[in-house]
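> need coordinates for the following:
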Amino acid sequence: MLGGVVLLLHHLLFPVSGQISLVCSGVSSQAPGRVTFFFLSRSPPSASVGGVQVKDVSGLVYTQNFATCGEVKPGEGGLASTSTVAEIGTNIRTSCSSVLENGLPLIDATATDTNKITCYKRLPDMPSLDVLDGGFFHVLAHGETDETAILIPAQLTDRIRTIWAVAIDGFGSGWLALSQALDDGATEMAPCADVLTRTGNGNNAVTTRDMWPCSVGLTGRWWYFQVGPAGGLAKCSSAPSGNVVRGDLSSSRVQSFCSDVPDGFLCPVACDASYVPTGSIRCQDGVWSNTFVCRSLQTACLSPITTAQVESANGRESWLIRGIQPDQQGDCGLFTRLGKKCGATCREGEFGQGQVHCVGGGGGNPNSLQVPSGRFKAETGFDCIPQVSDSMFPAPVMITALTPVGDAIRVAATVTRDPNTVRSPIQQLTIRSVSGAMSCSVDRTGMSLSRRRRSMTCQISPT
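Now for the predicted structure:
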């Protein structure tokens, strides 16, 4: 159930004055299987909007294009920096509800239980994920559950004028991250500045960095988001019940925010300092599915942010992996529980066979570093194998024809994996018909068959 995706912003051709102020996501029962990200900008509308690269926690990458909602409609000249979360949600609905992507709306026109918008801030009490390397380029974001909150930095006095959007279809549920490509330059999309606060004097001086979601515009900065796509079934009228130890599920603001929400919505719950989340709390056909656990830093592993070396049990062999393949319960993912065995993604051109194991003893003082101290070790039989050209057996089964995109046909299929047979990641789907054969690349390029069954989609254009 827990997956993970990274979004890499590219070709954002904004003028110098154009800056991203806030990032929000939305789900709508009118677009099941989709989660949409909205980027609120202070630049005027532009026809050149580019797209994104999408990378999941397992390290697989594909490309996604932007949709343009256009100029912000409510108010005189756009939203002010003093707008609340609720006001921003209303603005997104009004500005983007008429925009169709792949034949489906980006969001509903009004605030009802058929849709939900979540805007993001930095997850409190969580340092950068790359703090062990001395970096501050990989940061966890968290959905703001107080709809009266103001998330746009006060120093950004320009009004929000444009909303860009990217619709992600066919995504399971899990972590996503946003960044700007290194070769696009920070000038065209200058981010809002981090606020540096210095306290104390001399050797006792401490500088803290207050990072806003609009800092995502900074070249090389990654923001990680946990989201779930919309479903098309019954809503969840009441908030999730029970309590999460070391989490804020029972707080009045979370209970209010997660009431009357559409099928598929993922309730944003934060863990206390020195704890990290695994699993999720998600509305599924009118019932909350809860696998969410706040785990201490000593009982979790962090997925490789770039690459990580894993060794065999005897220490005689080692491999480089670039991600952890998520599992249905959410015990494997961006954060993995201690003792869990997971699939791993190897370097480009290789695929992983076997599993890696989250074990303790990662070194350092987790209570001061505030990052998981566990590490991954290779299980017996793990190996990184060069990718080869082979075929699937049994063949993928077509389950539905999705809404066409112009003259193009979109096809969804279910693939079944034989757990006793080693196969390469899927790169292309070939469809045979009475008129011959058609082929296309799958939406999730190089999709790993780490699970017994998995769905995929592709698009076929006329020749």
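> helices and strands around the longest helix anywhere in the chain, which ones?
Counting by DSSP state H, the longest helix found in the chain is helix 85-96. For helix 85-96, the packing partners by 3 or more CB pairs under 8 Å, 6 or more residues apart in numbering; DSSP states H and E come out as strand 20-28, strand 34-41, strand 67-71, strand 115-122, strand 162-169. Just so you know, the C-beta spots here come from the backbone N, C-alpha and C atoms, and that holds for glycine as well.
> in terms of residue numbering, what are the domains of this structure?
With domains defined by automatic domain parsing, the chain comprises 3-199+206-227, 300-386, 397-460.
> mean pLDDT lowest for which of these?
Lowest mean pLDDT within the domains of the chain: domain 397-460, at a mean of 52.
> need the helices and strands packed on helix 85-96 in a markdown table (columns: distance to Ser128 and mean neighbour count).
A markdown table is the format used below for these (distance: least, CB to CB, whole Å; neighbours: other CB atoms under 10 Å):
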| stretch | distance to Ser128 | mean neighbour count |
| --- | --- | --- |
| strand 20-28 | 17 | 27 |
| strand 34-41 | 21 | 26 |
| strand 67-71 | 31 | 18 |
| strand 115-122 | 10 | 24 |
| strand 162-169 | 24 | 23 |
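> near the nearest residue to Asp263 once chain neighbours are set aside, how many other residues are there?
Leaving aside its sequence neighbours, Asp263 sits nearest to Gly231 (CB to CB, 6 or more residues apart in numbering; 3.3 Å). By other CB atoms under 10 Å, the residues close to Gly231 number 20.
> residue contacts, Gly231?
Ser29, Pro32, Gly33, Pro262, Asp263, Gly264, Cys283, Gln284, Asp285 (CB atoms under 8 Å, 6 or more residues apart in numbering).
> Asp263 sits in which helix or strand?
Asp263 belongs to no helix or strand when assigned by DSSP states H and E.
> that one: neighbour count?
Neighbour count for Asp263, taken as other CB under 10 Å: 24.
> before we move on, what about Asp383?
Look at Asp383: counted by other CB under 10 Å, it has 15 neighbours.
> check Thr199 too.
9.
> what do you get for Gly339?
Residues near Gly339, counting by other CB under 10 Å, number 13.
> one more: Gln325?
Neighbours of Gln325 using other CB under 10 Å come to 26.
> and if you look at Gly202?
Close neighbours of Gly202, defined as other CB under 10 Å, add up to 5.
> and if you look at Gly315?
Neighbour count for Gly315, taken as other CB under 10 Å: 8.
> what of Gly135?
By the measure other CB under 10 Å, the count of residues near Gly135 is 14.
> now do the contacts for it.
Ser128 are the contacts of Gly135 under CB under 8 Å, 6+ apart.
> quick check: phi and psi at it.
Gly135 adopts backbone torsions of phi -100, psi 170, taken as degrees, to the nearest 10.
> from now on call the first residue 33
Happy to do that; since the first residue is 33 now, the last one works out to Gly167.
> any idea how far it lies from Glu380?
According to CB to CB, to the nearest Å, Gly167 and Glu380 sit 22 Å apart.
> and Ile356, by the same measure?
Taking CB to CB, one finds Ile356 at 16 Å from Glu380.
> between those two, who's got more neighbours?
The residue with more neighbours, out of Ile356 and Glu380, is Ile356; 29 against 11, by other CB under 10 Å.
> which residue comes closest to that one once chain neighbours are left out?
In space, Ile356 is closest to Ser335, 4.3 Å off (CB to CB, 6+ apart).
> list the contacts for the one you found?
Contacts of Ser335 by CB under 8 Å, 6+ apart are Gly36, Val89, Gly355, Ile356, Gly365, Leu366, Phe367, Thr368.
> give me phi/psi at it?
Phi and psi for Ser335, reported as degrees, to the nearest 10, are phi -60, psi 150.
> how close does it get to Glu179?
31 Å.
> how about Thr231?
Thr231 sits 31 Å away from Glu179, going by CB to CB.
> where do the strands of the stretch 83-232 of the chain begin and end?
Taking DSSP state E, counting those that start in this stretch, the strands of the stretch 83-232 of the chain run over residues 83-88, 93-97, 99-103, 132-133, 136-137, 147-154, 170-175, 194-201, 206-212, 227-231.
> columns distance to Arg253 on top of those, output as TSV?
Formatted as TSV, the strands of the stretch 83-232 of the chain follow (distance: least, CB to CB, whole Å):
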stretch	distance to Arg253
strand 83-88	15
strand 93-97	18
strand 99-103	23
strand 132-133	26
strand 136-137	31
strand 147-154	12
strand 170-175	7
strand 194-201	18
strand 206-212	6
strand 227-231	15
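> what's the spacing between Ile386 and Lys148?
No, residue 386 isn't Ile; it's Gly. Applying CB to CB, the value for Gly386 to Lys148 is 39 Å.
> wait, I meant Pro77
26 Å.
> I'd assumed Asp317 was in contact with Ala266.
Yes: using CB atoms under 8 Å, Ala266 is in contact with Asp317, at 5.2 Å.
> overlap in contacts, the two.
Residues touching both Ala266 and Asp317 (CB under 8 Å, 6+ apart) are Asp295.
> which parts of the stretch 233-382 of the chain are helices?
For the stretch 233-382 of the chain, the helices defined by DSSP state H, counting those that start in this stretch cover 284-289.
> that one: strands as residue ranges?
Remark: strands assigned in the stretch 233-382 of the chain by DSSP E, counting those that start in this stretch are 238-242, 254-259, 307-310, 313-316, 319-322, 325-328, 332-334, 340-343, 350-356, 367-369, 373-374, 376-378, 382-385.
> export the ones you listed to CSV and tack on distance to Ser405?
Below are the strands of the stretch 233-382 of the chain laid out as CSV (distance: least, CB to CB, whole Å):
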stretch, distance to Ser405
strand 238-242, 23
strand 254-259, 19
strand 307-310, 11
strand 313-316, 25
strand 319-322, 26
strand 325-328, 9
strand 332-334, 8
strand 340-343, 14
strand 350-356, 16
strand 367-369, 12
strand 373-374, 17
strand 376-378, 19
strand 382-385, 24
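> right, and those - which one's nearest Gln402?
Judged by CB to CB, the one of these that comes nearest to Gln402 is strand 307-310, at 9.3 Å.
> CA atoms of the closest one as PDB?
Written as PDB, here are the backbone C-alpha positions of strand 307-310 (Å, rounded to 0.1, in the frame of the first residue of the first chain):
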ATOM      1  CA  TYR A 307      10.100   8.900  15.600                       C
ATOM      2  CA  VAL A 308       9.500   8.200  11.900                       C
ATOM      3  CA  PRO A 309       6.300   6.900  10.200                       C
ATOM      4  CA  THR A 310       5.700   3.600   8.400                       C
END
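> what lies in contact with it?
Applying CB under 8 Å, 6+ apart, the contact partners of strand 307-310 are 34, 158, 258, 278-279, 301-303, 323-329, 332, 334, 362-363, 365, 367-369, 404.
> got the end-to-end distance for stretch 168-182?
24 Å (CA to CA, to the nearest Å).
> so for it, what gets flagged as buried?
For stretch 168-182, burial by neighbour count (16 or more other CB atoms under 10 Å) applies to 168-179, 182.
> many thanks, we can stop here.
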